[in-house]
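In: for reference, the sequence and a predicted model appear below.
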Amino acid sequence: MVMSVFLSFIFPPPPSLFIKAMSVVSLTSLAYTGLSEARGKHLNYSKFWNANSHQSITKIKLSSRTGMLFLYTPAFLAALTSFVLFPYHDFRTLLLKSALALHFFKRIFEVLVVHQFSGGMILDSAIPISLSYFLSTASMIYAQHVSQDISEPPVDLKYPGILLFLIGIGGNFYHHYLLSKLRGKGDKEYRIPKGGLFDLVICPHYLFEIIDFLGISFISQTLYAFSFTLGTIFYLMGRSYATRRWYLSKFENFPEDVKALIPYLF
Ligand SMILES: NC(=O)c1ccc[n+]([C@@H]2O[C@H](COP(=O)([O-])OP(=O)(O)OC[C@H]3O[C@@H](n4cnc5c(N)ncnc54)[C@H](OP(=O)(O)O)[C@@H]3O)[C@@H](O)[C@H]2O)c1
């Protein structure tokens, strides 16, 4: 019963051991990393770039801008290259490749033009994050490619997916813009963000990132896309929980009713 409802929304998993393994690896590794964030063991970028960095192996520090470009460029190139490697695609696969390329292009644009960074990034954190974005992008596109000849799921989520993706990417950009306005040129101070959904949650940009990836999963409707998105939700729950704790410890006047990620709930 549960399985048949589930199969109304997703393509039957293709007979690819790689995709099945990646579905499990992405979900569990992202969920585990989210739990570690909540427990205070952070990936070393942004506010937490210097937290627990004594435990890192190389201690090689990159500037935030260089580090962020290193995170997103391989995934962006994977999405772009897929147009050349798999030129024959149905409409759904075309949408998926375009959404992923646009997602990472926007991130690179923001790193170059919007964000005002203050810290750095430790190479030990940059490598697994970059690899995770690259592998998940390649796996999502590959899973779609091998699902093209399988009959479509009975419930078509492509069009709600496009809408969710556009809301997610737009809301994420808007809150990044609000964050960038907290600092002038050369300013490295942290301040309590205001405006948009910042008055309800401290990480609205993460909330919209989740909506963006839910949109991508709805466009894709593969098991892999949903596994990756569920993993991303767990990771961002952990990171936003840690971020709220950081604000509470840094600002005495931080409003207690501002939640981490989901207005009024979490
Ligand atoms: N898919 C995923 O699993 C995943 C995971 C994490 C992030 N992301 C994406 O990456 C985006 C950025 O993530 P992030 O964790 O780097 O976000 P972040 O820590 O909120 O930082 C974003 C930018 O805002 C600045 N900033 C943050 N809080 C500030 C404050 N209180 N005062 C002044 N400036 C402040 C940061 O400066 P500093 O660099 O100086 O802190 C940085 O330039 C997310 O919104 C999301 O789109 C995706």
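Out: Done, it's in. Bear in mind that the values here come from a model prediction, so they are computed numbers and not experimental data.
In: and E252, how many neighbours?
Out: The number of residues packed near E252 is 6, by other C-beta atoms under 10 Å. Using the backbone N, CA and C atoms, a C-beta is placed for each residue, glycine as well.
In: what secondary structure does it sit in?
Out: coil (DSSP: H, G, I helix; E, B strand; the rest coil).
In: same question, F76
Out: F76 is classified as helix under three-state DSSP.
In: for the nearest residue to it once chain neighbours are set aside, give its distance to R239.
Out: Nearest residue to F76 in three dimensions, chain neighbours excluded: F104, at 3.6 Å (C-beta to C-beta, 6 or more residues apart in numbering). Per C-beta to C-beta, to the nearest Å, F104 is found 19 Å from R239.
In: contact residues of the protein facing the ligand?
Out: Remark: the part of the chain in contact with the ligand comprises 45-47, 64, 115-119, 172, 179, 182-183, 190-191, 193, 205-206, 209, 232, 235-236, using C-beta under 6 Å from any ligand atom.
In: let's go with 5 Å and repeat that
Out: 46-47, 64, 115, 117-119, 179, 182, 190-191, 205, 209, 232, 235 (C-beta under 5 Å from any ligand atom).
In: by neighbour count, which of those wins?
Out: T232 (25 neighbours).
In: quick one: contacts for I202?
Out: With contacts defined as C-beta atoms under 8 Å, 6 or more residues apart in numbering, I202 is in contact with P193, S240, T243, R244, Y247, V258, K259, A260.
In: rerun at 7 Å
Out: S240, T243, R244, Y247, V258, A260 (C-beta atoms under 7 Å, 6 or more residues apart in numbering).
In: buried sites along the helix or strand harbouring the residue nearest to F76?
Out: According to DSSP states H and E, F104 maps onto helix 91-109. Within helix 91-109, the residues that count as buried by 16 or more other C-beta atoms under 10 Å are 92-93, 95-97, 99-104, 106-108.
In: for the residues of the chain next to the ligand, work out which two are farthest apart.
Out: Of all pairs drawn from the residues of the chain next to the ligand, the greatest distance, 27.2 Å, lies between R191 and T232 (C-beta to C-beta).
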